[in-house]
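Student: Mind folding the following:
(one chain, ligands or ions: 1)
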Amino acid sequence: MNKVKIATVWLSGCAGCHMSFLDIDETLLDLADRIEILKSPLVDLKDFPPDGVDVTIVEGAVANEEHLEILEEVREKSKIVVALGDCAVTGNVPSMRNPISPQELLERVYGKEATVNGVLPDEVVPPLLKRVRPVHEVIPVDIWLHGCPPPARVIAKAVLALLDGNTPQLTGKELKFG
Ligand code: SF4
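Tutor: Purely as a prediction, here's the structure:
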């Protein structure tokens, strides 16, 4: 049986959504026979395979220019894109910095209000976007999974539904499971 090729991507988020994915526990064993994770912080594989993947699951909001480049490749290399969790779906926690400018944010975090070594970074932090954005404002998203994080059972049901070929029913709609 051909395995469904999956990638996961971590943008501006706390990793809680990836942890919730791992919390699906024994379902992971069921999935192991049916999926192959080819790019993910979970397995430390950093690059998409040349022919892309079937599904990419995106955690986190879009906060900097590097994220824009990542998402461009995600859309190009993925048949289905899933926005996993409220940061990806709405901007959520990372977007709380939107009322202030990126420069003011950097000043507050690294500059004059820093308690030690107050120096603005000039290399390590990619240029910040003026406004943190949800994923669907940057690339088309096929499936949204709400929650902070989405419950493991919701993630499991969504992934199993995809594996069973139920994508059309899910496309462009919120998933709500009891
Ligand atoms: Fe973390 Fe919640 Fe954002 Fe997921 S939605 S990355 S759990 S803050």
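
Student: Do a quick rundown of the helices in the chain.
Tutor: 16-22, 26-32, 65-77, 86-90, 102-110, 152-163, 167-170 (DSSP state H).

Student: how about those helices in JSON lines, adding mean neighbour count?
Tutor: The C-beta positions use only the backbone N, C-alpha and C, and glycine is treated the same way. Formatted as JSON lines, the helices of the chain follow (neighbours: other CB atoms under 10 Å):
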{"stretch": "helix 16-22", "mean neighbour count": "19"}
{"stretch": "helix 26-32", "mean neighbour count": "13"}
{"stretch": "helix 65-77", "mean neighbour count": "16"}
{"stretch": "helix 86-90", "mean neighbour count": "24"}
{"stretch": "helix 102-110", "mean neighbour count": "14"}
{"stretch": "helix 152-163", "mean neighbour count": "19"}
{"stretch": "helix 167-170", "mean neighbour count": "12"}
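
Student: so which of those comes closest to Phe48?
Tutor: Of all the helices of the chain, helix 65-77 sits nearest to Phe48, with 4.3 Å by CB to CB.

Student: That closest one and the ligand in contact?
Tutor: No - judged by CB under 6 Å from any ligand atom, helix 65-77 and the ligand are separated, with a smallest distance of 13.3 Å.

Student: CA atoms only for that helix - export them in CSV, please.
Tutor: This file holds the C-alpha atoms of helix 65-77, laid out as CSV (Å, rounded to 0.1, in the frame of the first residue of the first chain):
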residue,chain,number,x,y,z
GLU,A,65,9.8,37.2,6.1
GLU,A,66,11.3,33.7,6.5
HIS,A,67,7.8,32.4,7.1
LEU,A,68,6.6,33.8,3.8
GLU,A,69,9.3,31.9,2.0
ILE,A,70,8.4,28.7,3.9
LEU,A,71,4.8,29.0,3.1
GLU,A,72,5.4,29.6,-0.6
GLU,A,73,7.3,26.3,-0.7
VAL,A,74,4.6,24.6,1.4
ARG,A,75,1.9,25.5,-1.1
GLU,A,76,4.0,24.6,-4.1
LYS,A,77,4.9,21.2,-2.7
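
Student: Just the pLDDT for Trp144.
Tutor: pLDDT, Trp144: 89.

Student: is it possible to export the helices of the chain to a markdown table including mean pLDDT and distance to Asp47?
Tutor: Output for the helices of the chain, formatted as a markdown table (pLDDT from 0 to 100; distance: least, CB to CB, whole Å):
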| stretch | mean pLDDT | distance to Asp47 |
| --- | --- | --- |
| helix 16-22 | 91 | 18 |
| helix 26-32 | 81 | 22 |
| helix 65-77 | 97 | 9 |
| helix 86-90 | 97 | 21 |
| helix 102-110 | 88 | 29 |
| helix 152-163 | 84 | 22 |
| helix 167-170 | 54 | 25 |
